[in-house]
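> 3D, please:
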Amino acid sequence: MSRLTPVFILAAALFALGLSACSDDTGGGSSNSIPVVFGDVFGNGGGGGLGADAGTTQNLECETDVDCVTAEKPYCSLSKRCQECTVNEHCAAGQYCDYGTCLDESCQPGQSTCSGDGSTQLTCDAQGTSWTANPCTGGVCQDGSCTGCVPGQKVCEGQQILMCDPVSGQYTTISQCAGEEICVQGECMVCYPGTKQCDNFLGQVCTIDGQWETVEDCAAIGKNCFAGSCVSPCIKDPKFLSNSGCDYWAVDLDNHLQANQSPYAICVSNLGDEPTEVSVSRKTAAGANSEKIESRMVQPGSLEVFHLQESQVNGTGIKYKAYRVQSDAPIVAYQFNPLDNVDVFSNDASLLLPASTLGTEYIVMSRKEFLAGGPEIGAFETCAEVCGQFPGGQCYGDFGEMCAVPYRGSLTVLASAGGTEVTISPTAFTLASNDGSVAAMSPGQSYTYMLEPFQVLNVVTNQDQGDLTGTVVTSTKPVAVFGGHESSVSSDQCCTDHLEQQLFPTKSWGKRYMATKSYTRGFERDYWRILAMEDGTTVSFNPPTIEPQQVINRGQWFEIATTEDFEIIGDKPITVAQVLASSHEVTSVPLGTACTSDFDCDYQSGYTCLTIDLMGNTACYPPFCFGETDPSCPTGHSCTCFGLDCACFPIGDPAMILAPPVEQFRKDYVFLSPDAYLYDYVNIIAPSGTVVTMDGVNLPAVNFKPIANTGYSVARQLVSDGVHTIVANNPVGVVAYGYDKDVSYGYTAGMNLNDL
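Residues are numbered from 1 along each chain as shown. Coordinates of the predicted model:
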């Protein structure tokens, strides 16, 4: 059975609010009763005649059903008006409740009746299956027909007040509401009586005379304001979501084999003014209960690190591997894989997104698979024994004494609700799981899996140069999706590093991005990958010299490398990933390049051409230093010692950062810079002239450098370890990252996650 279309319902509702001639007074003056709201529009559908209520003395105001004394309208609506029904069960057999009125499921074609307030004529369509709404503009509905107006009656037409002329029987304009005032039953008001709103943390209600009145200060009792009422601080307006929340899902992602046993950590910071409890739970098998493995009180503004037992997903499969982080009040959360960079040489970090912001469609960002160095072969081992433990592993060298293994791209899906169907349409061939739970996938095909909470679906590539970027992931319920790589390079230069980022759902993608270079270590470029959500997406750049305009389709991408700051503009939604460069790109001539003299090397940074073996081979080698604290190393280098031999090696390796769209910038941030890294930085991207405060101190305007002619500027700030705050008088973007020996990390420090 079809229903009245939303367009007709909305039209009838608007006229019920503004053009109703139904007064609760016996005279023709304006009514003092609470106006009809959207829940009270349509009248009975069973034959004409309900328009007779118009102009009677019946009082339709109510607090409860007891106040509704007539048999025709015995129920009290949320808007405090008596109406015929509130649910289908209030209606007779063969009828349904639609906006407070019982309507026949079938009707006589051409039959007419009136809405309960007399503002709208309802006519049965030619098929006898639904009612068409015809607002009685400038009049009332009586006995199923629109008639003239009631003398002296005041009604609204937009912001105009009209009055019924007793001589002509027509409405004429008598006044206009000013500014943002609204016209309600012939009166100008600031708001619609009975409605509620939040003014920051103040709960307000609109009074009978159309003025906002504060009834609750939610902040005073430690709560949020939502829809005009004080609610738990964990409940947010779904129109204004961000990375702060009370419920997160995390996973220890597949890393380089050297980092497999390194400590995975989740770091949280309390955003409130009171201590809050934060717990981490997990589930290990189907049928088992989830168990809380750690719980701590986190003080306001402080950082808490949860060092978790290694539980890395490895290869393709579906396993109970997820962690759930919950709190009593809003926090921000990040995961570090691993947290400690010492002797790991492969790590990254990711901003975690609250469960309330998760989506049902994602397009993956990753990097290509390639073959690179595997585990060392022990003195009493053979390459075949060691390398054979890794799918795709190969022995090479003059005597087959060295092992190379595939470094694979990955995508990871976590379900937050039971019975979640996940469909993956990959862009590369993928590896099957060992247990048969996940088959090998092929590009151009779609594969569906069922997930339960705490289950993790991990998929890795199985194709040299295969790249999962552009893979589409959809689900029947919201899921968390991560994109990354076991250990990747930025170009063809050494060395690799782990990549991971929790992906933003496509509903939060923007069209405008400010691409800002990371703090310069030397000659390296940053790499920018742009991915489209829709076919025929045009991507342009400011300044245009960065790259010619490109047109790409859904799931397609392209990548550019530059040392410049610039703007990326899409005419349709796009997402952008920034990849920091490998360490051997820091110098003008890569470390280890064959040479004949010092001038073949980056001699300006102190590199020299040295003989490196008994065969007389030579290579560019960095300057020597004396201990790890030696400050003489050139920019972008640190002193690294192997036994007693110390040299200044370039710092950093790839990290992947999802850039925040300008549309999702915020005015305030709380973010974390981890310990144990040599250098931690933030890029603050702000409209030029914005006043930005970091940790309570205003940043000098000279710290900000213009980004082409975009009207935005960027400040690259060295920061200390720990929790930091940024507050600005305009929305800004913040990206956090850091470098150390052969490692980097990076993540968006925060952002709004509104539907765009």
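
> and the gap between the residue nearest to P354 when sequence neighbours are not counted and L351?
Spatial nearest neighbour of P354, chain neighbours left out: G245 (2.6 Å); criterion: CB to CB, 6 or more residues apart in numbering. C-beta coordinates here come from the backbone N, C-alpha and C atoms, glycine included. From G245 across to L351, the span is 12 Å (CB to CB, to the nearest Å).

> same thing with A647?
Counting by CB to CB, the gap from A647 to L351 is 35 Å.

> one more: Q389?
Separation of Q389 from L351 (CB to CB) stands at 34 Å.

> circling back: more neighbours: A647 and L351, which one.
Between A647 and L351, counted using other CB atoms under 10 Å, L351 has the larger neighbour count: 23 against 18.

> for beta bridges, what are the partners of the more buried one?
L351 has these beta-bridge partners by DSSP bridges: Y334.

> low-confidence ranges, the stretch 201-350 of the chain, go.
Within the stretch 201-350 of the chain, the ranges that satisfy pLDDT under 70 run 236-240, 255-262, 338-347.

> my error: substitute the stretch 51-200 of the chain in the last question.
In the stretch 51-200 of the chain (pLDDT under 70), the answer is 51-60, 71, 78-79, 98-99, 116-118, 137-139.

> recalculate using a threshold of 50.
Applying pLDDT under 50 to the stretch 51-200 of the chain flags residues 51-58.

> next, the residue lying farthest from the centre of the chain: secondary structure please.
Largest separation from the mean C-alpha position in the chain: V167, at 60.2 Å (CA atoms, centre = their mean). Of the three states, V167 takes coil according to DSSP: H, G, I helix; E, B strand; the rest coil.

> surely the residue nearest to P354 and P233 touch.
No. G245 is not in contact with P233 according to CB atoms under 8 Å; the separation is 10.2 Å.

> out of the two, which sits in the busier spot?
G245 (24 against 20).

> surely L468 touches S410?
Yes. Contact criterion CB under 8 Å: L468 and S410 qualify, at 7.2 Å.

> need the overlap of contacts for these two.
The overlap between the contact sets of L468 and S410 (CB atoms under 8 Å, 6 or more residues apart in numbering) consists of S366, V459, T461, G483.

> what's the farthest-apart pair in these?
Across the shared contacts of L468 and S410, the longest distance by CB to CB is 11.9 Å; it joins T461 and G483.

> what's the overlap in contacts for the two?
Joint contacts of T461 and G483 (CB under 8 Å, 6+ apart) are S410, L468.

> what about G627, neighbour count?
So G627, with other CB under 10 Å, has 8 neighbours.

> kindly report the same for K292.
11.

> phi, psi for it please.
As for K292, its main-chain torsions (degrees, to the nearest 10) stand at phi -80, psi 120.

> that one and T284: what is the separation?
In terms of CB to CB, K292 sits 13 Å off from T284.

> now do E181
60 Å.

> cool, S229 as well?
40 Å.

> kindly report the same for Q309.
In terms of CB to CB, Q309 sits 11 Å off from T284.

> got phi/psi on S356?
Main-chain dihedrals, S356, degrees, to the nearest 10: phi -70, psi -20.

> quick one: pLDDT of it?
Per-residue pLDDT puts S356 at 90.

> my guess is it contacts Y248. True?
No. Counting by CB under 8 Å, S356 does not reach Y248; the two are 10.1 Å apart.

> what's near enough to touch M656?
Counted by CB under 8 Å, 6+ apart, M656 has contacts 348, 365, 367, 483-485, 499-501, 577-579, 746.

> inside strands: which ones of those?
Using DSSP state E, the subset of the contacts of M656 located in strands is D348, G483, G484, H485, L499, E500, Q501, A577, Q578, V579, G746.

> what is the nearest of these to L202?
Among the ones in strands among the contacts of M656, and counting by CB to CB, the member closest to L202 is Q501, at 37.2 Å.

> residue contacts, that closest one?
D348, S350, L351, M365, F482, G483, G484, A577, M656, I657, L658, Y747.

> my assumption is that A178 lies in a strand; please confirm.
No. With three-state DSSP as the criterion, A178 is assigned coil and is not in a strand.

> name the SS class of the closest residue to it other than its chain neighbours, please.
Nearest residue to A178, sequence neighbours excluded (CB to CB, 6+ apart): C188, at 7.2 Å. C188 carries the three-state label strand when classified by three-state DSSP.

> related to what we said a few turns ago, just put the contacts of M656 in JSON lines and tack on distance to I560.
As requested, these are exported to JSON lines (distance: CB to CB, whole Å):
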{"residue": "D348", "distance to I560": "22"}
{"residue": "M365", "distance to I560": "15"}
{"residue": "R367", "distance to I560": "15"}
{"residue": "G483", "distance to I560": "19"}
{"residue": "G484", "distance to I560": "21"}
{"residue": "H485", "distance to I560": "19"}
{"residue": "L499", "distance to I560": "18"}
{"residue": "E500", "distance to I560": "22"}
{"residue": "Q501", "distance to I560": "19"}
{"residue": "A577", "distance to I560": "12"}
{"residue": "Q578", "distance to I560": "11"}
{"residue": "V579", "distance to I560": "11"}
{"residue": "G746", "distance to I560": "18"}
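
> kindly give a single PyMOL line that selects the buried subset of those.
To isolate the buried members of those in PyMOL, using 16 or more other CB atoms under 10 Å:
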select buried, resi 348+365+367+483+484+485+499+500+501+577+578+579+746
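
> just the CA atoms of the helix or strand hosting N683, as PDB, please.
Element membership of N683 [criterion: DSSP states H and E] is strand 679-687. This file holds the C-alpha atoms of strand 679-687, laid out as PDB (Å, rounded to 0.1, in the frame of the first residue of the first chain):
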ATOM      1  CA  TYR A 679      61.900  14.600  16.300                       C
ATOM      2  CA  ASP A 680      58.100  15.200  16.500                       C
ATOM      3  CA  TYR A 681      56.400  17.800  14.400                       C
ATOM      4  CA  VAL A 682      52.900  19.100  13.500                       C
ATOM      5  CA  ASN A 683      51.800  20.900  10.400                       C
ATOM      6  CA  ILE A 684      49.100  23.500  11.300                       C
ATOM      7  CA  ILE A 685      47.100  24.600   8.200                       C
ATOM      8  CA  ALA A 686      45.000  27.700   8.800                       C
ATOM      9  CA  PRO A 687      43.300  30.500   6.900                       C
END
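
> for that strand, buried residues please.
In strand 679-687, counting by 16+ other CB under 10 Å, buried: Y679, D680, Y681, V682, N683, I684, I685, A686, P687.

> ok, now stretch 531-538?
L531, A532, M533, E534, T537.

> for G245 and P233, list the residues in contact with both.
P330.

> that's all I had, so thanks and see you.
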